[in-house]
Structure formats: C-alpha cells, structure tokens
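>>> missing the sequence, but the structure's below:
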C-alpha cells in the first residue's frame, strides 16, 4: 500500500516523459485500463521506440517468465529491491533464482525511503541485474538508476514473483483474469 504524494506523482510523470536508448516503459492496457492508458499517453510520445505493456511479465507471459527467466539470468549478479515482507529464500527454492543481495524497504509506503535509497545505484556491479518489486517507487528508481547506470539491467517485476516471495496469488497467478486480446 502506497500513500499518494505530490513528490511521487511528479517523479512518476518524469519517468513517463524520460527518453533514453533501451529504457522500456510499460503502459496500461488500452482495453482494460483505458483511463490510465490515456493518462500515460499524455506524457509518453507515441513514437517512442521502447514501449511495452505494463503487464508484460504477467498475464499471458507469466508461465513463459517462470520457465525461461531463471535460466536467462542465472549467470548474473542479482540484486532484489522489495518490501521487507518478501522472502527471497523461497524465491530461490521455488524458482532457482539466486539473489546475491537484497535491499529491503517498508512494505507500506516504500516511498518514505526514497531519499535513503535513491543513490543506491552506486553499489551495483556492472552488467548486474536489479529486480524491483516495490510498488510505484520501482518505476521511479528504474528511470533514475538506469539514467546513471545504463551498464546495469533494471527490471520492475511488480508482483510477478509474489506467489514465491509472499505466498500471495493475484488473478494473473490463478488464471482468473478476464480475457483481453491486448494484455492477456
């Protein structure tokens, strides 16, 4: 749960406006979330090359991510940035993803730690992968850290791995999402 603040809103808008080679933006589905898609489109140039669906790692691709992602990153140094309620030991046991270092944030209102964590990009090894699962702050950190460290891969994985890290299954994990030709 994240408290809404003007500073977070401003940073999210910056992330949507930002342009950099290989900086991917995940946008809401135009069918399932038309209001939020229009809002995002206000800030994003439609001709921007690196656009994808916000749920690219879940919904229709979830089983593919579970099957292929662990092997694809197995040779990398992995950092995990999430709420302190996420258990990365379960992640390794269930998926084989080995996290080298975890950065913990409050489970509620992670944005309150923004000033403390915003400079953490300096600790990441070159060519490492940083997986973020910390609500809206993930989008802000991905933008800011990638801007300063394009030699690192930053992935906002949202709730993709919550069945393993938190024991929580959302509709995408249970296969109960309504069918959508655009996002699932």
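Received, thanks. Quick caveat: nothing in here was measured; it's all calculated off a predicted structure.

>>> where along this protein do the strands fall?
Applying DSSP state E to the chain gives strands spanning 25-27, 51-53, 78-83, 101-105, 129-133, 153-156.

>>> Need those strands in CSV (columns: distance to residue 164, mean neighbour count and mean pLDDT).
The C-beta positions use only the backbone N, C-alpha and C, and glycine is treated the same way. What follows is the strands of the chain, written out as CSV (distance: least, CB to CB, whole Å; neighbours: other CB atoms under 10 Å; pLDDT from 0 to 100):
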stretch, distance to residue 164, mean neighbour count, mean pLDDT
strand 25-27, 21, 19, 95
strand 51-53, 22, 15, 95
strand 78-83, 12, 23, 97
strand 101-105, 14, 18, 95
strand 129-133, 11, 23, 97
strand 153-156, 16, 21, 98
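
>>> so which of these comes closest to residue 89?
With CB to CB, the closest approach to residue 89 among the strands of the chain belongs to strand 101-105: 9.9 Å.

>>> residues in contact with the most centrally placed residue in the chain?
Note on the chain: the residue nearest the mean C-alpha position is residue 156, at 1.4 Å, using CA atoms, centre = their mean. Shown in contact with residue 156 (CB atoms under 8 Å, 6 or more residues apart in numbering): 26, 132-133, 138-139, 142.

>>> mind checking which of the strands of the chain is nearest residue 70?
The minimum distance between residue 70 and those falls on strand 78-83, with 10.1 Å, by CB to CB.

>>> what's the closest one packed up against?
In terms of contacts (3 or more CB pairs under 8 Å, 6 or more residues apart in numbering; DSSP states H and E), strand 78-83 is packed against strand 101-105, strand 129-133.

>>> hang on, the earlier thing: partners of the residue nearest to the centre of the chain in the sheet?
residue 132 (DSSP bridges).

>>> From residue 131, how far out is it?
Separation of residue 156 from residue 131 (CB to CB, to the nearest Å) stands at 8 Å.
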